[in-house]
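Next one to model:
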Amino acid sequence: MTILLLVAGACSVIFKKLKMPPIIGYIVAGIIIGYLLFNGYIFQDQKEIANMEENVKLLANMGLVLLMFVVGMELNLKKLKKSGAFAIMVALIQIPLMVAGGYLFGILMGWGMIHAILFGAIISGSSTAVVTIVLKEQGKLSKEDIESIVLITVIEDVAQVIILSMATPLLIGGSMELDSVVWMIIIILTFMSAAVVIGIITVPRALEWIASKMPDEVLLVTALGICFAMALLSVVIGMSMAIGAFLMGVVVSQSSSRTTIEHDITPMKDIFMAMFFISVGLQITPGGIINNIVMVVTIFAIYTILKTGSVFFAYFVGNKTLRVGFISAVSLVAMGEFAFIIAYAGLEAGVLSNDFYTAVVSAALVSMVALPILSHNATKICDYAGTHAPKSVLSAANRVETFRNDQYARLTLTSKHTASKFKEKVVYAYAFILLLAVIEAIFFFFSTDLAEFINRNTVSMITLDISYTIVLMVNFVIVAVILYKVVRNLKFVGKVLLDAERKAGVLSKPKRATLKVQKAFIRVNNWALALVVTFIIIVLVPNGAGIIEHIFAMLGGMGLIGIFYAYKQITTPTGGKR
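Numbers count the residues shown, from 1 in each chain. Next comes the predicted model:
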């Protein structure tokens, strides 16, 4: 413990002098201690080395629990609901793009499915601590913009918690049957929902009662007790202890005693958090970094390009200026603490190799070191691009920005209620499209397993071909219903834009062909359009079924939808909606 704290303290002081986050110092301390430990400079006896490793792991786990507990407490649900709409919008756009981009890169590299998914999850977040420190020191953005960026990092943490939760069955599911994996997913979802709902109802009141009757130390001990209890329960359920601690942090954040608990727990959290990052560094060797330098640079480059591009695009959609969008995007280029947590979970599960783990942690360190430099020069980079980019590129950027501005200008001509509904419908359409992508990914990867599961657990007359037909029929119905919702929401958006276009007159003059397409889209029957697109998706997404199974599945799916639609028409007094 003495060696750990001394080396960590020295390294953090050095990096603080270099205006770098202490986290980097802790990881470097771990690398140094690991080199000294495993080369016999600290202990000669292997038993003593093993004991030290176990002690560090215990302290690291405590640090992880406390870190996630505090991250959860920082998620103020009331503030998020009140002023986090823009941050949520940015996160909803860029996180799926990051995960999808990381996954596609992994597939192109020849990695397995789970490996690629984990890589997408690893690069999807940014470091709240590092980003906050850099933004406050440099002061290039307004207070409002800084708050938005910090909120984005918090939402990214939440998203990575969810991804880690959903990845748990994949990490341990290599030897599990499909029904076991399905049950585990159901248990995890039920546990998370129950923990938050029941916790918010009971825990804040209990803590407030203790705060009013007992000294602060009793309040702190109680909060820590329920935090570690939830972490233990999440492990028993089959999830990471980090998830349980985070959930309890979210619950405690709803208590009026939150500030007292957070103030008292911070010194303890800082010490044990240092142990967690030291343990991360212990897994890395200087030789491992050198041997994997190409992968380190590649991961950093992919992360930087995807993060900057996705955040910049999200800010553009959110009607921010190109300059603010670029500076904000660059300000988020520092891999988050969850990169270490997810990578460590993958390493322990045997999904990720030591070399890949080393490359991920090293790339995260590079991003943390590079962030102050990139953020400091973001304005210069933006100005340079504005003056030296090819005229064709600048002209295209101006046209796109003008088009975006016109769309937002149209909305100002509508009522507040219509504008609010417009944004709501756009969000719903986007959310349904994301849901559709997730569902199709599940069917793509697991359609064969689902068909075999049905074949094994039903009567003998249900052959494997019939099982495939059932799976495809379910897929068809789900996709058609989701696309129906997408079409309805997009039609509302189209109607608002056309109406605003008529009111605007001179604001925008789209071509006649564009207007005809918009009007044709609005006039077409919702179900007809949804079914046509569903046909295309079902045919294009690969699966193990033959053409006959596809035909029967589509006919069966249309029959089920037709029966439901007819029932709605009969039971709805107004005749139903198309």
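
Hmm, residue 31 is touching residue 287, no?
No - contact between residue 31 and residue 287 fails when scored by CB atoms under 8 Å: they sit 10.9 Å apart. For glycine as for every other residue, the C-beta is placed from the backbone atoms N, C-alpha and C.

between those two, which one's more packed in?
residue 31 (24 against 10; other CB atoms under 10 Å).

Got phi/psi on that one?
Residue 31 adopts backbone torsions of phi -60, psi -40, taken as degrees, to the nearest 10.

pLDDT wise, what is it at?
In this model, residue 31 is scored at 85, pLDDT.

Nearest residue to it in space, ignoring adjacent ones along the chain?
Sequence neighbours aside, residue 281 is the residue nearest to residue 31 in space, at 4.4 Å (criterion: CB to CB, 6 or more residues apart in numbering).

okay but that neighbour is in contact with residue 33, surely?
Yes - at 7.3 Å, residue 281 and residue 33 qualify as touching, with contact defined as CB under 8 Å.

buried set for the one helix or strand the residue nearest to residue 31 maps to?
If you go by DSSP states H and E, residue 281 is part of helix 258-282. Buried residues in helix 258-282, counted by 16 or more other CB atoms under 10 Å: 258, 260-262, 264-265, 269, 272-282.

Helix, strand or coil: sort out the most centrally placed residue in the chain for me.
The centroid of the chain falls nearest to residue 159 when counting by CA atoms, centre = their mean (3.4 Å). What DSSP: H, G, I helix; E, B strand; the rest coil gives for residue 159 is helix.

next one: the one 4 residues further on
Remark: residue 163 carries the secondary structure label helix [criterion: three-state DSSP].

Which residues are in contact with it?
99, 121, 124, 342 (CB atoms under 8 Å, 6 or more residues apart in numbering).

From residue 501, how far off is it?
Residue 163 sits 40 Å away from residue 501, going by CB to CB, to the nearest Å.

same thing with residue 111?
47 Å.

ok, then the element right after the helix-or-strand element of the chain with minimal mean pLDDT?
When each helix and strand of the chain is scored by mean pLDDT, DSSP states H and E, helix 77-83 comes last, with a mean of 63. The C-terminal neighbour of helix 77-83 among helices and strands, as given by DSSP H and E, is helix 85-108.

Mind giving me the packing neighbours of that following helix?
Packing partners of helix 85-108 (3 or more CB pairs under 8 Å, 6 or more residues apart in numbering; DSSP states H and E): helix 113-122, helix 143-172, helix 293-317, helix 416-456.

On the C-terminal side of the second one, identify the next helix or strand.
Sequence-wise, the next helix or strand beyond helix 143-172 is helix 178-213, with elements assigned using DSSP H and E.

and that next one, what does it pack onto?
Contacts defined by 3+ CB pairs under 8 Å, 6+ apart place helix 178-213 against helix 143-172, helix 216-237, helix 241-252, helix 416-456.

Most tightly packed of those?
Most buried of the helices and strands packed on helix 178-213, by mean neighbour count (mean count of other CB atoms under 10 Å): helix 241-252, with a mean of 26.

List the contacts of that one.
Residues from elsewhere that reach helix 241-252 (CB under 8 Å, 6+ apart): 61, 64-75, 77, 157, 161, 164-165, 192, 195-196, 199-200, 203-204, 207, 223, 226-228, 230-235, 258, 261, 341.

Average pLDDT for it, rounded please.
85.

which stretches of the chain have low pLDDT?
Low-confidence segments of the chain, defined by pLDDT under 70: 1, 43-44, 76-83, 136-140, 168-170, 172-182, 184-185, 503-518, 544, 572-578.

Can you give me the domain boundaries for it?
Listed by automatic domain parsing, the domain ranges of the chain are 2-388, 395-571.

Comparing those domains, which comes out most buried?
Taking mean count of other CB under 10 Å, domain 2-388 is the most buried of the domains of the chain, at a mean of 19.

Can you give me the first-to-last residue distance of that one?
End-to-end span of domain 2-388 (CA to CA, to the nearest Å): 55 Å.

Stretch 326-344 now?
Chord length of stretch 326-344, first to last residue, is 31 Å (CA to CA).

residue contacts, residue 95?
With CB under 8 Å, 6+ apart, residue 95 has these contacts: 124, 155-156, 159.

how close does it sit to residue 113?
Taking CB to CB, one finds residue 95 at 19 Å from residue 113.

try residue 524
Taken as CB to CB, the span from residue 524 to residue 113 is 37 Å.

Check residue 448 too.
Using CB to CB, residue 448 is found at 13 Å from residue 113.

With residue 416 instead?
Remark: distance between residue 416 and residue 113 (CB to CB) = 46 Å.

what do you get for residue 356?
From residue 356 across to residue 113, the span is 15 Å (CB to CB).

ok, now residue 69?
From residue 69 across to residue 113, the span is 32 Å (CB to CB).

Also residue 9?
Applying CB to CB, the value for residue 9 to residue 113 is 43 Å.

Likewise for residue 339?
Distance from residue 339 to residue 113, counting by CB to CB: 20 Å.

same thing with residue 324?
As judged by CB to CB, residue 324 and residue 113 stand 37 Å apart.

repeat for residue 60
Residue 60 is 29 Å from residue 113, by CB to CB.

try residue 146
In terms of CB to CB, residue 146 sits 38 Å off from residue 113.

for residue 529, same thing?
Taking CB to CB as the measure, residue 529 falls 32 Å from residue 113.

for residue 264, same thing?
44 Å.

Over to residue 13?
Counting by CB to CB - residue 13 and residue 113 are separated by 44 Å.

Ok, residue 382 next?
From residue 382 to residue 113 the distance is 38 Å (CB to CB).

swap in residue 227?
34 Å.

And residue 292, by the same measure?
To residue 113, residue 292 is 22 Å away according to CB to CB.

The helix or strand residue 565 falls within: how far from the chain's middle?
In the assignment (DSSP H and E), residue 565 maps to helix 547-571. Relative to the chain's own centre, helix 547-571 is displaced by 35 Å; criterion: CA atoms, centre = their mean, to the nearest Å.

please begin residue numbering at 856 from this point
Fine by me, first position is 856 from now on; the one you just mentioned is helix 1402-1426.

for that helix, packing partners?
If contacts are counted by 3+ CB pairs under 8 Å, 6+ apart, helix 1402-1426 sits against helix 1319-1359, helix 1381-1395.

try 6 Å this time
Based on contacts counted as 3 or more CB pairs under 6 Å, 6 or more residues apart in numbering; DSSP states H and E, the elements that helix 1402-1426 packs against are helix 1319-1359.

Just checking the distance from the helix it packs on to the centre of its chain.
The answer for helix 1319-1359 is 25 Å, by CA atoms, centre = their mean.
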